[in-house]
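Asker: Next comes the sequence, and after it the predicted model I'd like to discuss.
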Amino acid sequence: MSGVGVLLREWRTDRRLSQLELSARAGVSARHLSFLETGRSRPTREMILRLAEELSVPLRSRNDLLLAGGFAPAYAESALHGPPLAAVLSSLRDVLAGHAPYPAVLIDRHWTMVDANDAVARFTDGCAAWLLEPPVNVLRLSLHPDGMAPRIGNLPEWRTHVLHRLSRQAAATNDPVLRELHAELTAYPGGGSGPGEAPHGLVVPLRFDDLAFFSITSVLGTPLDVTLAELAIESFLPADAATAAALQS
């Protein structure tokens, strides 16, 4: 593992902050920050957490920074289906059910489906069986030619949106799995909007069969567990009255 100073410099560079900018935000001198990054000074546990907060480092990577600095992790990482998370997962499943008749899925940091409500069957119907074998990656399912892609009416537009979002997530988390997933999905057919094209309308819709949806992503507001921090609910709501009526009927 790289030294904590090297990791801090990498996160600062990824966030496109100068040493002066980060030092001002964290309330330390730029000279001290330079010493920390070069290894001339050893950061305290509190300093690592303060800099990680200002750099919006994910909880998993904050633990990595602490380990690199010789400290114990600050955040627990519970097993997804273990007893500590049972109550929270039960509540999240209630949220999924509450979105019915609109589709909603619970995903982890790699877009693996953890759970879904019954309405998601509208999306998965007709998809290749191998794409539906656990673990199901919802982005692969949506853009693969054997998945939802043939039924997405605005596939180039939706594909551009998904790839752009995934690219930003990979950059924000420095997650190699997300970078590999992005490379895989980019190789799928389906076209895309040109870099200079501006999207039309209020949101990028998902036009699936004769229905139109917009998506909302929900995350826990104050997670202190790595596993919980990496969960999200992706819900699809009707983008027009016709879709709402079709789903409610």
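Answerer: Right, received. Where do you want to start? Predicted model, so just to flag it, every value in this text is computed and none were measured. Residues are numbered from 1 along each chain as shown.
Asker: Strands along this structure, start to end?
Answerer: The residue ranges that make up the strands of the chain, judged by DSSP state E, are 104-107, 113-116, 206-208, 211-219, 232-238.
Asker: same question for the second one, mean pLDDT?
Answerer: Strand 113-116 shows a mean pLDDT of 98.
Asker: Strand partners (parallel or antiparallel) of that strand?
Answerer: Note on strand 113-116: by DSSP bridges, its sheet partners are strand 104-107 (antiparallel).
Asker: what's the partner strand in contact with?
Answerer: For strand 104-107, the surrounding residues in contact (C-beta atoms under 8 Å, 6 or more residues apart in numbering) are 92-93, 95-96, 113-117, 119-120, 138, 231-236. (C-beta placed from N, C-alpha, C; glycine too.)
Asker: so where's this protein shaky on pLDDT?
Answerer: Low-confidence regions of the chain, defined here as pLDDT under 70, cover residues 1-2, 192-202.
Asker: longest helix anywhere in it?
Answerer: Across the chain, the longest stretch assigned as helix under DSSP state H is helix 155-173.
Asker: Can you mark which positions in that one are buried?
Answerer: Residues 155, 157-163, 166, 169-170, 173 are the ones in helix 155-173 that count as buried (16 or more other C-beta atoms under 10 Å).
Asker: for the residue of the chain most remote from its centre, what are its contacts?
Answerer: With C-alpha atoms, centre = their mean as the measure, the chain has its most outlying C-alpha, relative to the mean C-alpha position, at residue 40: 35.1 Å. Under the criterion of C-beta under 8 Å, 6+ apart, the contact list for residue 40 reads residue 34.
Asker: elements contacting the longest helix of the chain?
Answerer: Using 3 or more C-beta pairs under 8 Å, 6 or more residues apart in numbering; DSSP states H and E as the contact criterion, the secondary-structure elements in contact with helix 155-173 are helix 138-143, helix 176-186.
Asker: Quick one: closest of the ones you listed to residue 57.
Answerer: Proximity to residue 57 (C-beta to C-beta) singles out helix 176-186 among these, at 15.5 Å.
Asker: Which neighbouring elements make contact with the closest one?
Answerer: Of the remaining helices and strands, those touching helix 176-186 by 3+ C-beta pairs under 8 Å, 6+ apart are helix 138-143, helix 155-173.
Asker: Need those helices in a markdown table (columns: distance to residue 102).
Answerer: Putting those into a markdown table (distance: least, C-beta to C-beta, whole Å) gives the following:
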| stretch | distance to residue 102 |
| --- | --- |
| helix 138-143 | 15 |
| helix 155-173 | 17 |
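Asker: right, and those helices - which one's nearest residue 58?
Answerer: Of all the helices and strands packed on helix 176-186, helix 155-173 comes closest under C-beta to C-beta, at 5.4 Å.
Asker: List the contacts of that closest one.
Answerer: Residues from elsewhere that reach helix 155-173, judged by C-beta under 8 Å, 6+ apart: 14, 56, 58, 61, 109, 111, 139, 142-143, 149, 152, 175, 178-179, 181-182, 185-186, 188, 190-193, 199, 204-207.
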